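J.: How does the following fold in three dimensions:
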Amino acid sequence: MLTPEEIRALREYTEMTQIQMAQLFRIRPADVIAWENGTLDPDAEQMAKLERLQESGAKKMRFKFN
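T.: This is a model prediction of the structure:
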C-alpha cells in the first residue's frame, strides 16, 4: 500500500501531471489530488496499478545505475 506522499513522489518521478495521471487511471484529476492529500484511497485495482508503476520505475532506476 502506497502512502499519499509515495503516490505524489511516484507521479512526480514519472513526470506526470495530476491530469495525466487521472487520464491514465480514468478518474478525475480531483481524485488524484485527494489521493495525494490522503482524503481518498485508491481502490484495490488502482493500488495494484500504482504498485506496478512503482516497480517499473524502480527497475529503470536500477538499470540506470548499474
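
J.: Next, count neighbours for Ile7.
T.: 23 (other C-beta atoms under 10 Å). Where C-beta positions appear, they are placed from N, C-alpha and C, glycine not excepted.

J.: ok, and the closest non-adjacent residue to it?
T.: Distances taken as C-beta to C-beta, 6 or more residues apart in numbering place Trp35 nearest to Ile7, at 5.1 Å, with adjacent residues excluded.

J.: got it, and Ala22?
T.: Pro29 (4.3 Å).

J.: and the one you found, what does it touch?
T.: The contact partners of Pro29, by C-beta atoms under 8 Å, 6 or more residues apart in numbering, come to 18-19, 22.

J.: cool, Pro42 as well?
T.: Taking C-beta under 8 Å, 6+ apart, one finds 2, 7, 25, 35, 50 in contact with Pro42.

J.: redo that, cut-off 7 Å
T.: Pro42 makes contacts with 35, 50, as judged by C-beta atoms under 7 Å, 6 or more residues apart in numbering.

J.: Just say helix, strand or coil for it.
T.: Here Pro42 takes the coil state, with states given by DSSP: H, G, I helix; E, B strand; the rest coil.
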